[in-house]
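1. output the structure for:
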Amino acid sequence: MYDLVITNALVVTADAAGTVMPDGAVAVSGGRIARIGPAAEIGGDPAARGASEVIDAGGMLLMPGLVNMHCHAGDSLFRGLVEDLPLEPWLQTVWKAEGAILDRETVRLGATLGFAELLLGGVTTTMDMFWYPDETVAAARAVGMRVAAGGIFFDGRGMDRVDGPARLAEAAAFFDRFGAEEDVFPGCLPHGAYTVGPESLRAAKALADARGGFFCTHAAETRAERLDIETRYGRSVIRHLDALGLLDARTVLAHCVWLDDEEIALLAERGATVVHNPMSNLKLASGFARVPEMLAAGVRVTLGTDGAISGNDLDLWMALRLAATLHRAASLDARVVTTAQALAMVTRNAAAALGAADRLGTLERGKLADMILVDLRRPHAVPLFDAATHLVFSTAKSDVRHVFVAGRQVVRDGALVQHDLDGTLDRVAALAPRIAASVRA
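-> Sure, this is the predicted structure:
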């Protein structure tokens, strides 16, 4: 007997072949997809007729849950607080607010708010870089989401009141606590080459490698960062990271806006993943990442929202649409960043970057049943001639009706199932005057 059957859906598997089933069904057992195929075929299975729950998804599209590969969910507390500045002066004000406000309790509160927004929008897994990563995990679990997180590396004393030398032990302890958990992808996350020295970067990567985790850092986000690293070390950001031995298939680099041809080729050769954050790059005037060139070179490109403080919301659908459109205008070529390439960024490419291509990223038999149902009974969804085109260019986060993680429903009819969102909203609203005062002090 199956635990869950979703039937009569337009199924977008997001596999490499672009398989779409106009009238499909998925059967779930033990948190994994047991069967996927035509609704008529699965409906004839006696185990499907006796399933614990059957959902008629007529008028909806079933697809894998989205994967957000770069976020600072705890910074949702500071949404709209720092505006109209480029990254470097913007960061100084952000860090002032964080230093005044953040502790374990407020980090969990902000992360819960951010993850609630993401989950309601169909994101089932998020890579998050923030202080107090244990609280980030607690927040993700509170709403029902998977999370990739881990030890933060930052020279000097950080917002978590940890001094630089103690960070390696903190990061190792995170692996001890969460290394065997199915809902957590542990790794090491140095902030960037301009805030973390070479020895600490090497130590973080060595720990990640020893424990089978990922390594993630901001890289080449702005022209000022590139010039800073060149001045300090005599080479560009990507060359600097490579010289330290940090680039390989488990490396995730956020932004990568300021790259030359040789660096793009180097990333492709090393197998590193790039996380494109178009909304943040646009709003902070960081520049246009060379995504078409990266794709042409064979670089694995994924997508991120960045934090709500730099993009003002956590809308991965917006990032998806921007990734599929802005590079066409910038290059004057409507053929760059195809629909299929863009959709892969938030599904199977991201799963591969997490080392989880065998479990996530597509709807296939044996994979974890992380799935979303998108409402197609909307004015902007009728008529629908191509499912992937609709997802990339027309779908909004408000179209997400139901969300499942390992077959367990965590969003029902656009509302969280296991978390009191009103309570979180009230607590954040009560904290807002103190947050506002933090940047005026």
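2. for M69, give me its contacts.
-> M69 makes contacts with M127, V252, A254, T273, V275, T302, L303, G304, A350, A353, as judged by C-beta atoms under 8 Å, 6 or more residues apart in numbering. From N, CA and C alone the C-beta is placed, and that goes for glycine too.
3. how about these in CSV, adding secondary structure, neighbour count and pLDDT?
-> Listed next are the contacts of M69 as CSV, based on DSSP: H, G, I helix; E, B strand; the rest coil; neighbours: other C-beta atoms under 10 Å; pLDDT from 0 to 100:
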residue, secondary structure, neighbour count, pLDDT
M127, strand, 27, 99
V252, strand, 26, 99
A254, strand, 26, 98
T273, strand, 24, 99
V275, strand, 29, 98
T302, strand, 28, 99
L303, strand, 28, 98
G304, coil, 32, 98
A350, helix, 31, 98
A353, helix, 29, 98
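4. among these, which two are most distant?
-> The largest separation in the contacts of M69, counting by C-beta to C-beta, is between A254 and A350 at 12.8 Å.
5. before we move on, the earlier item: I'd like the contacts of M69 as CSV, with distance to L168 appended.
-> Output for those, formatted as CSV (distance: C-beta to C-beta, whole Å):
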residue, distance to L168
M127, 20
V252, 19
A254, 21
T273, 23
V275, 24
T302, 27
L303, 30
G304, 26
A350, 27
A353, 24
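6. out of those, flag the one nearest to H327.
-> For these, the nearest to H327 is L303 (12.6 Å; C-beta to C-beta).
7. and the most centrally placed residue in the chain, what element?
-> By C-alpha atoms, centre = their mean, the chain has its centre lying nearest to N68, at 1.5 Å. Assigned by DSSP states H and E, N68 falls within strand 66-71.
8. what strands line up against that strand, and which way round?
-> strand 123-128 (parallel) (DSSP bridges).
9. tell me which residues are up against the strand it pairs with.
-> Against strand 123-128 from outside (C-beta under 8 Å, 6+ apart): 64-74, 111, 115, 118, 136, 140, 145-149, 185, 214, 216, 252, 275, 304, 314, 316, 350, 354, 360, 370-372, 403-405.
10. can you map out the strands along the stretch 51-200 of the chain?
-> 53-56, 60-64, 66-71, 123-128, 146-153, 184-190 (DSSP state E, counting those that start in this stretch).
11. and of those strands, who's closest to G24?
-> Closest approach to G24 among these is made by strand 60-64 (7.0 Å; C-beta to C-beta).
12. now the closest one: mean pLDDT?
-> The pLDDT scores in strand 60-64 average 99.
13. now swap in stretch 76-86 and tell me
-> On average, stretch 76-86 scores 87.
14. about what we covered before: the strand holding N68 to strand 146-153, inter-axis angle?
-> Orientation note: strand 66-71 sits at an angle of 10 degrees relative to strand 146-153 (axes from the mean of the first three to the mean of the last three C-alpha atoms, to 10 degrees).
15. how far away is the residue in the chain sticking out farthest from the centre from A210?
-> Taking C-alpha atoms, centre = their mean, the residue of the chain most remote from its mean C-alpha position is P46, at 38.0 Å. Here the criterion is C-beta to C-beta, to the nearest Å. By it, P46 lies 48 Å from A210.
16. which residues of the stretch 101-250 of the chain score low on pLDDT?
-> Counting by pLDDT under 70, the stretch 101-250 of the chain shows no low-confidence range.
17. show me where the stretch 101-250 of the chain has helices.
-> 104-120, 133-143, 167-178, 198-210, 223-233, 237-243 (DSSP state H, counting those that start in this stretch).
18. which residues does the fourth one contact?
-> Defining contact as C-beta under 8 Å, 6+ apart, one finds that helix 198-210 is touched by 150-151, 153, 155, 164, 167-168, 171-172, 175, 187-190, 193, 196, 213-215, 217, 233, 241, 244-246, 250-251.
19. how far does it sit from its chain's centre?
-> Computed by C-alpha atoms, centre = their mean, to the nearest Å, the chain-centroid distance of helix 198-210 equals 23 Å.
20. Q418: how many residues sit nearby?
-> 12 (other C-beta atoms under 10 Å).
21. how about R365?
-> 12.
22. shouldn't it be in contact with V28?
-> No: if you go by C-beta atoms under 8 Å, R365 and V28 don't touch, sitting 10.7 Å apart.
23. show me whatever sits in contact with both of the two.
-> Counting by C-beta under 8 Å, 6+ apart, the residues touching both R365 and V28 are A34.
24. tell me which of the strands of the stretch 51-200 of the chain sits most buried.
-> strand 66-71 (a mean of 30; mean count of other C-beta atoms under 10 Å).
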